[in-house]
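Colleague: Show me how the following folds:
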Amino acid sequence: MKTKNYIKNYCLIEDNAVFFNNKMIFESEGATFTEFIKEAYKILKIEYPKFFKMDNLSKLAFLTAELILRNETKVDVENNIAIVFANKSSSLDTDLKHQKDIQNKDNYFPSPAVFVYTLPNICIGEISIKHQLKTENAFFIFDCFNVDFMTEYTNLLIASGKAEKVLCGWVEFYQESYKSFVYLVEKEGIEKHNKITVNTLYN
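Modeller: Numbering: from 1, shown residues only. The predicted model follows:
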């Protein structure tokens with residue numbers, strides 16, 4: 001599908017570092033993910049108390065998306081931005097914590113706070129609640145970042161008029177191994193939205 005869509009902004013979080021439009025804006029060497037994500041939240045001046053109740057996948061997705069969406073006006077956001085995410089492990093990191101809570105029949109105390117996050121698309125819900133998004137959203141599971149699918153699907157959403165912009169990318173978290181690459185696609189921007197550009201920025 002030939003389009004003239006562009007990537008307006010993009011954000012990459014991995015290896016205890018945060019990059020925005022290819023510029024490192026925060027790094028915390030030697031920290032655990034929990035330490036790193038809390039410090040990033042404070043340093044980047046994000047104010048959303050519910051953040052601390054989220055599971056790790058949602059914290060990762062939320063922080064990445066927040067850096068992109070906080071410069072969008074409310075008029076631009078509410079009914080215009082769709083979300084399309086993907087990863088490999090789904091919500092397995094949280095699923096294992098929930099399984100640990102329920103496997104002991106003599107000490108059966110499953111945590112509702114954990115159970116809430118045993119679906120990967122909950123992270124999309126957290127972003128949508130914060131920014132009052134009321135548009136299309138989807139979370140796909142692939143063995144690796146499927147650039148072809150993500151690019152075509154995003155372009156289709158815009159071409160069909162279901163969204164004017166699409167927040168999309170790869171958000172993976174499993175046992176301290178993580179990577180989040182999220183970008184905003186629209187009809188104007190800084191990079192042409194095509195498979196080559198997306199793959200280059202991701203890697």
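
Colleague: C-alpha only now, for contacts and for neighbours.
Modeller: Noted.

Colleague: who's in contact with the spatially most central residue of the chain?
Modeller: Among the residues of the chain, the one closest to the centroid is Ala61, at 3.0 Å (CA atoms, centre = their mean). Contacts of Ala61 were listed using CA atoms under 8 Å, 6 or more residues apart in numbering, and they are 123-124, 171, 180.

Colleague: May I ask which two of those residues are separated the most?
Modeller: Largest separation among the contacts of Ala61 by CA to CA: Ile124 and Ser180, giving 13.3 Å.

Colleague: which one of the two has more residues nearby?
Modeller: Ser180 (26 against 21; other CA atoms under 10 Å).

Colleague: Report the buried residues of stretch 185-194.
Modeller: 185-186, 191-194 (16 or more other CA atoms under 10 Å).

Colleague: which residues of this structure fall in strands?
Modeller: 6-14, 17-20, 23-27, 81-87, 137-141, 165-174, 177-186, 191-192 (DSSP state E).

Colleague: Now render these as TSV, adding mean pLDDT and distance to Thr200.
Modeller: Shown next, in TSV, are these (pLDDT from 0 to 100; distance: least, CA to CA, whole Å):
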stretch	mean pLDDT	distance to Thr200
strand 6-14	97	12
strand 17-20	98	14
strand 23-27	97	15
strand 81-87	97	18
strand 137-141	97	21
strand 165-174	97	13
strand 177-186	97	12
strand 191-192	92	11
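
Colleague: List just the one of those strands that sits closest to Asn56.
Modeller: Minimum separation from Asn56 across these (CA to CA) falls at strand 165-174, 7.1 Å.

Colleague: what lines up beside that closest one in the sheet?
Modeller: With DSSP bridges as the test, strand 165-174 is paired with strand 81-87 (parallel), strand 177-186 (antiparallel).
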